[in-house]
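Enquirer: When you get a sec, could you give me coordinates for this:
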Amino acid sequence: MSDRIDNVSVGKKSNVFFDGKCVSHSVFFPDGSRKTVGVVLPNSKLTFNVGAPELMEITAGSCSVKIAGEAAFNTYAAGSSFKVAENSSFDIHTGADAVDYVCSFG
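Expert: Residues are numbered from 1 along each chain as shown. Alright, predicted model coming up:
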């Protein structure tokens, strides 16, 4: 997995959630699509409600995630990903390290 996203524009304003426990920036592609690149801080327990379908790619760190409707948490580490259906939610728990991610929509 490359650590770069080429030929894009980056939003200047950060997206700050949960009192700064999750911060991301929007990345805009030539075809009009958008992703966010962000970080969830260590020792966070957050619940995200999503409107559009999301693909969360973990690029650094490790986290436990429980997607709405699933019975248990699953662990995702760097190089892995998970999908969340539209109009759903997921809980994400981080440990002692921050978790970097790329989120794709649609």
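Enquirer: So for Pro53, what's the nearest residue that isn't a sequence neighbour?
Expert: Leaving aside its sequence neighbours, Pro53 sits nearest to Glu86 (C-beta to C-beta, 6 or more residues apart in numbering; 4.8 Å). All C-beta atoms are positioned from the backbone trio N, CA, C, and that covers glycine.
Enquirer: these two touch, right, the one you found and Ala52?
Expert: Yes: between Glu86 and Ala52 there is a contact under C-beta atoms under 8 Å: 5.5 Å.
Enquirer: coming back round to it: to which secondary structure element type does the residue nearest to Pro53 belong?
Expert: coil (DSSP: H, G, I helix; E, B strand; the rest coil).
Enquirer: for it, phi and psi?
Expert: phi -60, psi 150 (degrees, to the nearest 10).
Enquirer: so how many other residues sit close to it?
Expert: 11 (other C-beta atoms under 10 Å).
Enquirer: Likewise for Arg4?
Expert: Arg4 has 5 nearby residues by other C-beta under 10 Å.
Enquirer: Ok, Thr75 next?
Expert: Residues within reach of Thr75, counting by other C-beta under 10 Å, total 12.
Enquirer: buried sites along the helix or strand harbouring it?
Expert: Thr75 belongs to strand 74-77 when assigned by DSSP states H and E. For strand 74-77, a neighbour-count test (16 or more other C-beta atoms under 10 Å) marks Tyr76 as buried.
Enquirer: list the contacts for Tyr101?
Expert: Val37, Gly38, Val39, Val40, Met56, Glu57, Ile58, Thr59 (C-beta atoms under 8 Å, 6 or more residues apart in numbering).
Enquirer: Is the third one in a helix, a strand, or coil?
Expert: Under the three-state scheme (three-state DSSP), the conformation of Val39 reads as strand.
Enquirer: That one touches Asp97, doesn't it?
Expert: No: taking contacts as C-beta under 8 Å, Val39 lies outside contact range of Asp97: 10.4 Å.
Enquirer: Looking at the two, which one has more neighbours?
Expert: Shown here are Val39 and Asp97; by other C-beta under 10 Å, Val39 has more neighbours (18 against 13).
Enquirer: Please report how far the more buried one lies from Phe90.
Expert: For Val39, the distance to Phe90 equals 17 Å [C-beta to C-beta, to the nearest Å].
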